[in-house]
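Asks: structure for the following, please:
(one chain, ligands or ions: 1)
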Amino acid sequence: MNVKRVVIFGIQDFAELAWYYLGKDSPYEVVGFCVNEKYLPDPPFFHELPVVPFERVSQIFPPDVHGFFAPMSPKRMNRFREEIYHQLKALGYELISYVSSKATIFNNPIGENCFILEDNTIQPFTTIGNNVVLWSGNHIGHHGRIMDHVSFTSHVVMSGHCVIEPYCFLGVNATIRDGITLAEGTFLAMHSAVTKSTSPWGVYVGSPAKIREGVSSLDMLK
Ligand SMILES: CC(C)(COP(=O)(O)OP(=O)(O)OC[C@H]1O[C@@H](n2cnc3c(N)ncnc32)[C@H](O)[C@@H]1OP(=O)(O)O)[C@@H](O)C(=O)NCCC(=O)NCCS
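Replies: Next up is the predicted model:
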């Protein structure tokens, strides 16, 4: 299946930006938005397109002829976006990815439901998993691996040969030395400089980045 008509999950900032970017810079046609029934706006329209309840979306926009895009915030260390991703897959939808025409890429493998904005440079031999957000202007070094359900904010420098495990969040201007692994669920504060591989679900702040003792990243981005 190769869908062109796409429904966007949500009607907040990320969804509105997705609508804008897909409309201006993609082969996809956005045909509607979708939220949980209790969040339906009145009237149920956004940018003059229908907003439909998630509980009935597969009847209104059948998955055999519609794709979905759920480019959501990193809330709960990306796990909220992960839940929606799995729910949409269970309904049978193909999830599309958006890669800005203003990003620089080199045939990198890129998974589903990724939102990759302008001025990202993804160097050769680096792979991007599923459900990954790369906000604008990141340097993603060569021979690296970004795994599923990860969010980069902006102007992060990921040097060569790094591995970013699932659920990581990288704050603005964070810097990662070459060959580093960010363990699952690492939270990097803005402007932190990581010189050693991290521990799972740790919160790292400063230059050189130090773990905040007694704090779990699961307490962040609630
Ligand atoms: C780490 C972070 C979550 C703040 O944590 P916090 O505990 O709420 O921070 P506070 O504002 O209460 O500051 C606590 C102390 O840490 C310092 N601090 C906060 N963030 C810091 C950072 N990134 N680097 C160095 N010090 C920092 C503050 O100056 C303050 O110091 P003080 O006690 O001497 O005054 C935040 O700095 C951060 O990095 N958020 C991500 C921002 C981001 O990238 N957003 C993306 C937007 S697209």
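Asks: show me the domain layout of the protein.
Replies: Domains of the chain are assigned by automatic domain parsing as 5-95, 98-211.
Asks: can you list the residues of the chain near the ligand?
Replies: 153, 171-172, 189-192, 205-206 (C-beta under 6 Å from any ligand atom). (Glycine included, C-beta is placed from N, CA and C.)
Asks: can we see that at 5 Å?
Replies: 153, 171-172, 189-190, 205-206 (C-beta under 5 Å from any ligand atom).
Asks: mind checking which of the residues you listed are buried?
Replies: 153, 171-172, 189, 205 (16 or more other C-beta atoms under 10 Å).
Asks: export these to CSV and tack on distance to Lys38 and pLDDT?
Replies: Supplementary listing: those in CSV, determined by distance: C-beta to C-beta, whole Å; pLDDT from 0 to 100:
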residue, distance to Lys38, pLDDT
Thr153, 29, 98
Gly171, 31, 98
Val172, 33, 98
Ala189, 34, 98
Val205, 37, 98
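Asks: sec struct for the closest residue to Gly67 other than its chain neighbours, please.
Replies: In space, and not counting its chain neighbours, Gly67 is closest to Val3: 3.5 Å by C-beta to C-beta, 6 or more residues apart in numbering. On the three-state scheme (DSSP: H, G, I helix; E, B strand; the rest coil), Val3 is labelled coil.
Asks: so which residues of this structure form helices?
Replies: 13-24, 57-60, 79-90 (DSSP state H).
Asks: for the last one, list every residue counted as buried.
Replies: When you say that, I think you mean helix 79-90. So helix 79-90, judged by 16+ other C-beta under 10 Å, has buried residues 80-82, 84-85, 88-89.
Asks: done for today, thanks.
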